[in-house]
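S.K.: prediction below, plus the sequence it came from.
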Amino acid sequence: MNSLEQLKKMTKVVADTGDFQSINQFKPIDSTTNPSLIYAAAQDEKYAHLVENALETAKGFSRDKAEQLAHALDVLAVNFGLEILKIVPGRVSTEVDARLSFDTTKTIEKAKKLIALYQSSGIDKNRILIKIAATWEGIQAADVLEKEGIHTNLTLLFSEIQAAACAEAGVQLISPFVGRILDWYKKDRGVDQIPAPEDPGVLSVSRIFNYFKKYEYATEIMGASFRNKEEIIELAGCDLLTISPTLLAELESNTITIDKKLDAEKAMLLEIPKMNTDEISFRWQMNENAMATEKLAEGIRKFSADLVKLESFIEAKM
């Protein structure tokens, strides 16, 4: 078996792309998108029909241009999700506007609208994960949504306190960003590389995995944002890993032996203190973690900037 086939024996592999051909090629269980991926895919002529459909649908939604634009973006995100769901047997993650990351009420409203759009196309809500930034406000929105049967994927997650708060809120799935953690520490330490077994992003996900399994949380862990295949190999055994087409291809073309590095049964035997996840503890621990604070803020800014680019692209076609 090649390395990708071996990995699939112990971890659910998710495609981190908006490109349907890549999803078809690597046959992941689930897929995840974000405004950056949708913006890139929307430039491709082969997806022009999805853009045109979003524009036509928006025309009938409102006479107000701002409302038309917002609706077109929601429909476009769902259109890509619908196409992906024709290929993957599992779920697709669709992202809430990153500019709502500090607004619990509007995040809930947007999530419900996205679910309604999927349901109007005959898709069961259990096949959708609503992607929300793991701010305190985002986690509270997820708590409400999960209680109403709308499942969430908490993204831009860089610390154990974010993960623990998500688990307590009953979040369906979290996406810790391995590669972005590595980026920060490489810059902080002034080094070009850190070996995968010592990679701070890998170690963070390993600690989160052990904590969740120790205390039997149902929340799934999906490692994300990888910089190299070695990070992926070090997290074999994680619940899920979302991987770019480039790295999927690298794994597929390799025959490196992959061993299970994360093990739920072993985690149950570890001595791990329980974390306090109230708002004061959350905000204090985020404040004390420069990397998590900086990368969360940067991630929200980047997702927002990509959404603005997508907005401009759609607006020019209206």
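M.R.: Great, that's in hand.
S.K.: how about the secondary structure of Met222?
M.R.: Secondary structure, DSSP: H, G, I helix; E, B strand; the rest coil: Met222 is strand.
S.K.: what's it in contact with, if anything?
M.R.: Shown in contact with Met222 (Cβ atoms under 8 Å, 6 or more residues apart in numbering): 14, 153, 173-176, 238-242. Backbone N, C-alpha and C define where each C-beta goes, glycine included.
S.K.: Gly122 and Ile130, how far apart?
M.R.: Going from Gly122 to Ile130 by Cβ to Cβ, to the nearest Å gives 18 Å.
S.K.: please say which of these two ends up with more neighbours.
M.R.: Ile130 (27 against 7; other Cβ atoms under 10 Å).
S.K.: just the pLDDT for Ser36.
M.R.: Ser36 is assigned 83 on the pLDDT scale.
S.K.: hmm, back to that, looking at the contacts of Met222, which are in strands?
M.R.: 14, 153, 173-176, 240-242 (DSSP state E).
S.K.: ChimeraX command to pick out the buried ones of these?
M.R.: In ChimeraX, this line selects whichever of these come out buried by 16 or more other Cβ atoms under 10 Å:
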select :14,153,173,174,175,176,240,241,242
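S.K.: reformat the ones in strands among the contacts of Met222 as TSV; add pLDDT.
M.R.: Below are those laid out as TSV (pLDDT from 0 to 100):
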residue	pLDDT
Val14	93
Asn153	97
Leu173	98
Ile174	98
Ser175	97
Pro176	98
Leu240	97
Leu241	97
Thr242	94
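S.K.: widest-spaced pair of the contacts of Met222?
M.R.: Asn153 and Cys238 (14.7 Å; Cβ to Cβ).
S.K.: and the gap between Met291 and Asp16?
M.R.: 22 Å.
S.K.: could you list the residues in contact with the helix or strand of the chain at the bottom of the mean pLDDT ranking?
M.R.: In the chain, no helix or strand scores lower on mean pLDDT, DSSP states H and E than helix 35-42, which sits at a mean of 86. The contact list for helix 35-42 (Cβ under 8 Å, 6+ apart) reads 16-19, 47, 50-51, 76-77, 80, 95, 98, 302-303, 306-307, 309-310, 313.
S.K.: hang on, Gln119 is in a helix, isn't it?
M.R.: Yes - Gln119: assigned to a helix according to three-state DSSP.
S.K.: wait, it sits on Lys125?
M.R.: Yes - counting by Cβ atoms under 8 Å, Lys125 is a contact partner of Gln119 at 6.4 Å.
S.K.: who's more crowded, these two?
M.R.: Lys125 (16 against 12).
S.K.: how far away is that one from Thr105?
M.R.: As for Lys125, its distance to Thr105 is 20 Å (criterion: Cβ to Cβ).
S.K.: with Asn210 instead?
M.R.: When Asn210 is compared with Thr105 (using Cβ to Cβ), they lie 35 Å apart.
S.K.: what of Trp136?
M.R.: Taking Cβ to Cβ, one finds Trp136 at 14 Å from Thr105.
S.K.: so for the two, which sits in the more crowded spot?
M.R.: Taking neighbours as other Cβ under 10 Å, Trp136 and Thr105 compare with Trp136 leading, 16 against 12.
S.K.: right, and that one touches Thr277 too?
M.R.: No - using Cβ under 8 Å, Trp136 is not in contact with Thr277; the gap is 10.2 Å.
S.K.: so what sits against both of these two?
M.R.: Common neighbours of Trp136 and Thr277 (criterion: Cβ under 8 Å, 6+ apart): Ala165.
S.K.: tell me who's in contact with the nearest residue to Asn254 once chain neighbours are set aside.
M.R.: When the adjacent residues along the chain are set aside, Asn254 lies closest to Ser3, with 4.3 Å between them (Cβ to Cβ, 6 or more residues apart in numbering). By Cβ under 8 Å, 6+ apart, Ser3 lies in contact with 229, 233, 251-252, 254-256, 258.
S.K.: same list (those) but as TSV, adding neighbour count, pLDDT and secondary structure.
M.R.: Shown next, in TSV, are the contacts of Ser3 (neighbours: other Cβ atoms under 10 Å; pLDDT from 0 to 100; DSSP: H, G, I helix; E, B strand; the rest coil):
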residue	neighbour count	pLDDT	secondary structure
Lys229	23	97	helix
Ile233	21	98	helix
Leu251	22	97	helix
Glu252	14	96	helix
Asn254	15	96	coil
Thr255	10	95	coil
Ile256	12	94	coil
Ile258	25	96	coil
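S.K.: appreciated, that's everything.
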